[in-house]
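# please work out how this folds:
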Amino acid sequence: MNETKYIVPKSLDANNILDFLRMTEDVFKMKGQLIPNVMFDLSNVNRTNILGLLLIYKFVEYTSINDCFKNPLLQYNNYVEEELKKYGFWELLQAYMNEKEFNYRDLDFKDEGRFFIAPLALLREKKYNIEESFLPKIENYYAYDEKVVSMVLTCLGEVLLNFWEHAVNDTKSIIVAVGNKDKVEIACADTGNGIVSTLAPVLNYKGPKENILGKALIKGITSKKMTNHMGYGLWILDEIVTATQGKLHIYSEGAYIFNNHGKKIKGLCSFWQGTIIYLSLPLANPKTLSDIASVYDDDSLTEIKIKFE
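Down below sits the predicted model:
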């Protein structure tokens, strides 16, 4: 029998996600097909980060929940196994590969002597208070700099709120974050309703997908007018990334937009159902809402309160 192999390239980090999307986009057309003799091959991977690990998990999760494959095999090397365990994905993957139930409510903070959130499911039945949930962990590691604490808290909250607004299924949005004294990385992904499909009807815009995605970074643009930040979320992330010379990568439904150190590019890419957001924040020159407000002479930014209801 012929075997179908999904061979993941050697490098699977924030710089190589377009290749991964190209390899995996067909699975979103395979719902219920139970294709036999499938192998997901990670044995060549020798470099990854939290974004790559998150997408490995999301691929396995989606294909398992939606019966894309019949008894698929997962092949991996020692490096991949160690990284999956290090960042909290190993048990999740094993549960799906062995067709066992996994309770997302078991996912929570993990403290490994660093700033580390991995992986956390955004559940609608759970009421989130960002400061109560995240602030103690952030302060514990970054107590030396109040601006770092404020910036990281703001960005975590805005990423989560973006997914909260689009999510319709409690098992589809997962966030993971890790930080050291030099930078913080945040990654979140789902396979639900993406930014492109939810924003286009609101804007009454039928143009190219990449332009729709680009509009999501404009101040005041939101898919839901009755929100707690009125469209500031992705715009704020974009502003903070530009000010700190960091990275913001967004992928949704066949389009992408990158802000790399203040330089933006957008285009079409292979299809991913839902949205992927990756954020890398250097900590040498942290920026807060107050800093952004001073640039735009907009004091309302300092009054933003992020709520999940």
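
# what lines up beside whichever strand or helix holds A177 in the sheet?
Element membership of A177, judged by DSSP states H and E, is strand 174-179. The pairing partners recorded for strand 174-179 under DSSP bridges are strand 115-121 (antiparallel), strand 183-189 (antiparallel).

# which one of these lies closest to S270?
Of all these, it is strand 183-189 that lies closest to S270, at 14.6 Å by CB to CB. For glycine as for every other residue, the C-beta is placed from the backbone atoms N, C-alpha and C.

# quick one: buried residues of the next helix or strand after the closest one?
Counting by DSSP H and E, the next helix or strand C-terminal to strand 183-189 is helix 195-203. For helix 195-203, a neighbour-count test (16 or more other CB atoms under 10 Å) marks I195, V196, S197, T198, L199, A200 as buried.

# surely the first one is in contact with Y256?
In other words, I195. No. Taking contacts as CB atoms under 8 Å, I195 lies outside contact range of Y256: 10.9 Å.

# got any residues that touch both of those two?
L213, I250 (CB atoms under 8 Å, 6 or more residues apart in numbering).

# what residues of the helix or strand containing L51 count as buried?
Per DSSP H and E: L51 is located in helix 50-65. The neighbour-count check on helix 50-65 (16+ other CB under 10 Å) flags 50-64 as buried.

# just how off-centre is it within its chain?
11 Å (CA atoms, centre = their mean, to the nearest Å).

# so the strand holding A177 versus helix 50-65, what angle?
160 degrees (axes from the mean of the first three to the mean of the last three CA atoms, to 10 degrees).

# for the helix ranked longest in the chain, packing partners?
Counting by DSSP state H, the longest helix found in the chain is helix 146-166. Judged by 3 or more CB pairs under 8 Å, 6 or more residues apart in numbering; DSSP states H and E, helix 146-166 is in contact with helix 130-142, strand 174-179, strand 183-189, helix 195-203, helix 233-244, strand 275-282.

# including mean pLDDT, could those go into TSV?
Shown next, in TSV, are the helices and strands packed on helix 146-166 (pLDDT from 0 to 100):
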stretch	mean pLDDT
helix 130-142	77
strand 174-179	90
strand 183-189	95
helix 195-203	86
helix 233-244	92
strand 275-282	97
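
# now these in JSON lines, with distance to A95?
Shown next, in JSON lines, are the helices and strands packed on helix 146-166 (distance: least, CB to CB, whole Å):
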{"stretch": "helix 130-142", "distance to A95": "24"}
{"stretch": "strand 174-179", "distance to A95": "14"}
{"stretch": "strand 183-189", "distance to A95": "18"}
{"stretch": "helix 195-203", "distance to A95": "29"}
{"stretch": "helix 233-244", "distance to A95": "32"}
{"stretch": "strand 275-282", "distance to A95": "22"}
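
# poorly predicted segments of the stretch 151-300 of the chain, please.
166-172, 222-231, 295-300 (pLDDT under 70).

# SS state for I218?
coil (DSSP: H, G, I helix; E, B strand; the rest coil).

# perfect, that will be all.
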